[in-house]
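K.L.:
fold the stuff below for me.
(chains A, B, C and D)
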Number of protein chains: 2
Amino acid sequence: MPILTLMDMLEVLDCCSPLAREPLGEDQAAGLARAFKALGDPVRLRIVSIVASHQGGEACVCDLTASFELAQPTISHHLKVLKDVGLLTSERRASWVYYRVVPERLAELAALLAAPTRVDDGAAAEVDG
Amino acid sequence: MPILTLMDMLEVLDCCSPLAREPLGEDQAAGLARAFKALGDPVRLRIVSIVASHQGGEACVCDLTASFELAQPTISHHLKVLKDVGLLTSERRASWVYYRVVPERLAELAALLAAPTRVDDGAAAEVDG
DNA sequence: CGTCAATATTGGCATCCATGGATATCAGCA
DNA sequence: TGCTGATATCCATGGATGCCAATATTGACG
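P.N.:
You can find the predicted model right below:
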């Protein structure tokens, strides 16, 4: 069950954003950038939103094709992109394929961006007073 | 000062992710997608990270060009992209231009993705038992 | 004003990507 | 097996994007 407790949320957030703690390594940045890039398309962002807010946290492709004025292959393509970067999972039931979001993946991205409060904000900047 | 209290963080997080509350509107999604797209490049993601984690929360272009094996115009281009979507601000001091992150903008994105815990997760899904 | 250093802009090129038509695959059904 | 509906894959194309060389701009300093 993807229900997170307060403790979980705080642990994910930690004291400050990883972004502000130390520069991302190249490979680390590459992996995260792939996910952000997937969210960097209006259609895909809305797809994630529709899936996340849909009944039971899942939506079939037919729900999505009905929500856009785009051809079905285009929707299918976007779904594949989101799935490839780990933001969505899919499950086939009868003729329909149902998609749902991966909360852990979203939380990972959220934690990276969350509240870049800096501990050393003005403290260690005594170089050229 | 960008220090956030626990209450602030909880308020930002709210009960559940906006993504899971209701589908994003087209224009809303368009604006957010622009920011995610800007973060969807490994170089730009590392730039944001370097700036955020740098002394005093700011870095000049020379710091960045030294961190990548890319030509200076390329770095300048990426900085412009990040600035155009509101993720960075710049300030000229003497010959140098210093960039810093916009915490509110990052928080906005983080809040959108944060913990998509669903209140109605299995409750209202009694359609086809 | 002339020069130099730091940064931004321009122009061009190679590549990537969103989109949709045609088609393939898969599941249910007769 | 054959048929139909739902979804995925293939292919082509127009537009966006990352990159860099050349150049312009800006500020410091003489």
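K.L.:
any idea which residue of chain A lies closest to DNA strand D?
P.N.:
A:Pro73 (3.0 Å; C-beta to the nearest atom of the strand). Yep, even glycine has a C-beta here, placed from its N, CA and C like the rest.
K.L.:
what lies in contact with whichever helix or strand A:Val81 is part of?
P.N.:
Using DSSP states H and E, A:Val81 maps to helix A:72-84. Residues outside helix A:72-84 that contact it (C-beta atoms under 8 Å, 6 or more residues apart in numbering or on different chains): A:38, A:41, A:43-44, A:47-48, A:61, A:64-65, A:68, A:88-90, A:99.
K.L.:
where in chain A is pLDDT low?
P.N.:
Within chain A, the ranges that satisfy pLDDT under 70 run A:1-17, A:115-129.
K.L.:
hey, what's the nearest residue to A:Leu82 once chain neighbours are set aside bridged with?
P.N.:
The spatial neighbour of A:Leu82 that comes closest, neighbours along the chain excluded (C-beta to C-beta, 6 or more residues apart in numbering or on different chains), is A:Leu88 at 4.4 Å. A:Leu88 forms beta bridges with A:Val101, as assigned by DSSP bridges.
K.L.:
picking up where we left off before, check the contacts of helix A:72-84 for burial and list the buried ones.
P.N.:
Buried members of those, counted by 16 or more other C-beta atoms under 10 Å in any protein chain shown: A:38, A:41, A:43-44, A:47-48, A:61, A:64-65, A:68, A:88, A:99.
K.L.:
which positions in chain A make contact with DNA strand D?
P.N.:
For chain A, the residues in contact with DNA strand D (C-beta under 7 Å from any atom of the strand) are A:60-62, A:65, A:72-73, A:76-77, A:79-80, A:90, A:95-97.
K.L.:
please pick the buried ones from those residues.
P.N.:
Burial by neighbour count, 16+ other C-beta under 10 Å: within these this picks out A:60-61, A:65, A:79.
K.L.:
turn those residues into JSON lines, including distance to A:Pro103 and secondary structure.
P.N.:
Converted to JSON lines, those look like this (distance: C-beta to C-beta, whole Å; DSSP: H, G, I helix; E, B strand; the rest coil):
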{"residue": "A:Cys60", "distance to A:Pro103": "19", "secondary structure": "strand"}
{"residue": "A:Val61", "distance to A:Pro103": "21", "secondary structure": "helix"}
{"residue": "A:Thr65", "distance to A:Pro103": "24", "secondary structure": "helix"}
{"residue": "A:Leu79", "distance to A:Pro103": "18", "secondary structure": "helix"}
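K.L.:
so for chain A, which residue is the most central one in space?
P.N.:
Chain A has A:Leu106 as the residue nearest its centroid, 3.3 Å off, counting by C-alpha atoms, centre = their mean.
K.L.:
then the helix or strand hosting that residue to PDB, C-alphas only?
P.N.:
Assigned by DSSP H and E, A:Leu106 falls within helix A:103-113. What follows is helix A:103-113, C-alpha atoms only, in PDB (Å, rounded to 0.1, in the frame of the first residue of the first chain):
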ATOM      1  CA  PRO A 103       4.500   6.700  -6.000                       C
ATOM      2  CA  GLU A 104       8.100   5.900  -5.000                       C
ATOM      3  CA  ARG A 105       9.400   7.300  -8.300                       C
ATOM      4  CA  LEU A 106       7.400  10.500  -7.900                       C
ATOM      5  CA  ALA A 107       8.600  10.800  -4.300                       C
ATOM      6  CA  GLU A 108      12.200  10.400  -5.400                       C
ATOM      7  CA  LEU A 109      11.800  13.300  -7.700                       C
ATOM      8  CA  ALA A 110       9.900  15.400  -5.200                       C
ATOM      9  CA  ALA A 111      12.500  14.800  -2.600                       C
ATOM     10  CA  LEU A 112      15.200  16.000  -4.900                       C
ATOM     11  CA  LEU A 113      13.500  19.300  -5.400                       C
END
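K.L.:
how about the residues of chain A by DNA strand C?
P.N.:
A:37, A:41, A:43, A:69-71, A:73-74, A:77-78, A:81, A:92, A:94-95.
K.L.:
tell me the two of these that are most distant?
P.N.:
Farthest apart among the residues of chain A next to DNA strand C by C-beta to C-beta are A:Lys37 and A:Ala94. That separation is 32.9 Å.
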